[in-house]
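>>> below: sequence and its predicted model.
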Amino acid sequence: MAKSRPSMAQKTIPKKVANDTRTSLRNAGKVIPNEKTRATTATKTGAGVSASGGRGKSINQTIKGIGVTRNFIGTKRMRKLTKDNIRAVTKGDIRRLARRGGVKRISGSIYDEIRKSMKSYLENVLKETCDVVEFAQRKTVSVTDVIFVLRRIGRPVYGFDHLGHLKNIRGVY
């Protein structure tokens, strides 16, 4: 097997000068492919050192310590957007709820109807809960608000009888 002959540029530049230019290019942040290794050097920016070579998905992240970032732009993750969130209640979820209720056999057309009724029920509960919170001039929904609304609708939750005195002051029962 014959050795490849050096090119004209390699003949004219002495070895010491070639190594100095490679070192200066590396210090400047340029990527220089090497025969022995394929590693890339970290690129220096004004904000700091960005992690390259598969070290996370962040852009322009300063490497100072664990979790310390400055000038953080964001991650390159794709977030899954669900257009119809009621479809997140799967067929298996509905089957488990029905089994807990004592249902033995389930028709195939029942799943969409159950999703519609669940959505309307939750919309009703959440609307009533928002009314209670707005009436109290608060922005945070508490457990007692939801328990109060469920009791007012006529669907009390067992085990929360001791919280009845908190909402009984208004006389809205």
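Structure's in. What do you need?
>>> residue 115 touches residue 88, doesn't it?
No: taking contacts as Cβ atoms under 8 Å, residue 115 lies outside contact range of residue 88: 9.7 Å. From N, CA and C alone the C-beta is placed, and that goes for glycine too.
>>> so which of those two has more stuff around it?
residue 115 (17 against 9; other Cβ atoms under 10 Å).
>>> contacts only, for that one.
86-87, 89, 94 (Cβ atoms under 8 Å, 6 or more residues apart in numbering).
>>> which member of those residues is positioned nearest residue 128?
Closest to residue 128 out of the contacts of residue 115 is residue 86 (19.3 Å), distances taken as Cβ to Cβ.
>>> quick check, that closest one in a helix?
Yes: per DSSP: H, G, I helix; E, B strand; the rest coil, residue 86 lies within a helix segment.
>>> how many residues are close by it?
Residue 86: 13 surrounding residues under other Cβ under 10 Å.
>>> still on that earlier bit, out of the contacts of residue 115, which end up buried?
Applying a neighbour-count criterion of 16 or more other Cβ atoms under 10 Å, the buried members of the contacts of residue 115 are residue 94.
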